[in-house]
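>>> Structure here, sequence nowhere to be found:
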């Protein structure tokens, strides 16, 4: 524990000179890249996580996140700038603490802040004057200056006077090699002017561009707006896909032509459903909060309904194609799902529609296997526990021929789509990947 509290001016000086010690709580897809980025910027960083496997991996200098190469992790550990621990008592030694924990939904599609509140309880045990606490987890406007602040102030310390509270939404995009944590502009806000200065100073020392906003609630709303925008537009093209299918019009060709317009149009693409840590979840944080103000969120809720219905639509298209192509019912068919991850070229299966597709196929009496070069085995999940332990099957001509249909759910680069086209009796393509590879055939059906 620090011997004495740091006044605001000294704390600011220690942040800008990288003398401040940093703690990052939650070493997942957001926390580990942030921790390593801060360490590379010159800070001494301690990562905190309840998962002993992550601590063991860091100690072994082995990264479990694609965005952090082993060599980069090992460099920071060897230099003594990054360590990981499950002992949260060490939070008292940190001058800046960043919270990067999950914010899922409950079964009733309501915000689940339990990870945030438990983390704040842990911070509160060692909270001292002169600390900066920043929440990065996506949440509804009013969380930082509401429940987070209440928990931290319960011991008698006051935000803006004794400690400093802020919010800076994560903007990680797994698999996106064009941007990393240091190059993605960072929205920052503080609970009061003094906190705002300190939060901005910390991130300015870590990332290239900092974008201050007027309040933590505004910063929280920025993150939700970004993902609501994407969810609504994806829902729109998913609905157009269904309409154009009925008319015999190829939605992919429509989008390719439409995006040649140099103004007033931005392309979004349909798919088998929404996945990932943001878009399927974040909009419902806003719909829940809007009920407090008796404001309906019709666009957002309708978008959620359309996107959630896509796996069932794809399963129906699969059943229809099997019947037309081979006269075989889905209930007697064996289907290979290509891609378990929610997006291409990553191992991330959070909220992946592929899991729902496997479940739907088997609910209708069919058998489903999967191939994914990034996911060798299905881990434990909250919603699909029965699928845990299933392993990716090899992708070779004999294996492909043993299935009645192949369903492209995730279009990973590097897969041999020519091999699939040559040996699969029927292909259901939800990603337009065969057209992009200039592979055609009567046995390829878009869905």
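Ah, there it is. Remember, it's a predicted structure, so these values are computed and weren't measured experimentally.
>>> mind listing what's buried in the helix or strand hosting residue 74?
Using DSSP states H and E, residue 74 sits in helix 70-78. Along helix 70-78, these residues count as buried under the neighbour rule (16 or more other Cβ atoms under 10 Å): 72-77. All C-beta spots, glycine's among them, are computed from the backbone N, C-alpha and C.
>>> Would you mind pulling the contact partners of it?
The contact list for helix 70-78, computed with Cβ atoms under 8 Å, 6 or more residues apart in numbering, reads 36, 39-40, 45, 58-59, 61-63, 82-83.
>>> do the same with stretch 370-378
So stretch 370-378 is contacted by 336-341, 345-347, 349, 354-355, 358, 384, 387-395, 410, 412, 414-415 (Cβ under 8 Å, 6+ apart).
>>> List the residues that contact the residue nearest to the spatial centre of the chain.
Residue closest to the mean C-alpha point of the chain, counted by Cα atoms, centre = their mean, is residue 277 at 2.9 Å. Contacts for residue 277 (Cβ under 8 Å, 6+ apart) come out as 29, 102, 348, 350-351.
>>> Columns secondary structure on top of those residues, output as JSON lines?
Converted to JSON lines, the contacts of residue 277 look like this (DSSP: H, G, I helix; E, B strand; the rest coil):
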{"residue": "29", "secondary structure": "coil"}
{"residue": "102", "secondary structure": "coil"}
{"residue": "348", "secondary structure": "coil"}
{"residue": "350", "secondary structure": "coil"}
{"residue": "351", "secondary structure": "coil"}
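>>> would you turn the residues you listed into CSV with neighbour count?
As requested, the contacts of residue 277 are exported to CSV (neighbours: other Cβ atoms under 10 Å):
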residue, neighbour count
29, 24
102, 17
348, 20
350, 20
351, 22
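>>> Tell me where the model's unsure across the stretch 201-350 of the chain.
The stretch 201-350 of the chain contains no residues with pLDDT under 70.
>>> Would you map the helices across it?
Secondary structure of the stretch 201-350 of the chain (DSSP state H, counting those that start in this stretch): helices located at 216-247, 251-258, 282-291, 298-326.
>>> Dump those helices into a markdown table; add mean neighbour count as well.
Formatted as a markdown table, the helices of the stretch 201-350 of the chain follow (neighbours: other Cβ under 10 Å):
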| stretch | mean neighbour count |
| --- | --- |
| helix 216-247 | 19 |
| helix 251-258 | 14 |
| helix 282-291 | 21 |
| helix 298-326 | 18 |
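>>> of those helices, which approaches residue 166 most closely?
When the helices of the stretch 201-350 of the chain are compared by Cβ to Cβ, helix 216-247 sits nearest residue 166, at 6.6 Å.
>>> quick revisit: mean confidence for the helix holding residue 74?
For helix 70-78, mean pLDDT rounds to 97.
>>> Helix or strand next in line after that helix, which one?
Following helix 70-78 toward the C-terminus (DSSP H and E): strand 82-85.
>>> What strands flank that following strand, and is each parallel or antiparallel?
In the sheet, strand 82-85 lines up against strand 44-48 (parallel) (DSSP bridges).
>>> What are the buried residues along the helix or strand that the partner strand is followed by?
Using DSSP H and E, the helix or strand that follows strand 44-48 in sequence is helix 52-59. Buried positions in helix 52-59, judged by neighbour count with 16+ other Cβ under 10 Å: 54-55, 57-58.
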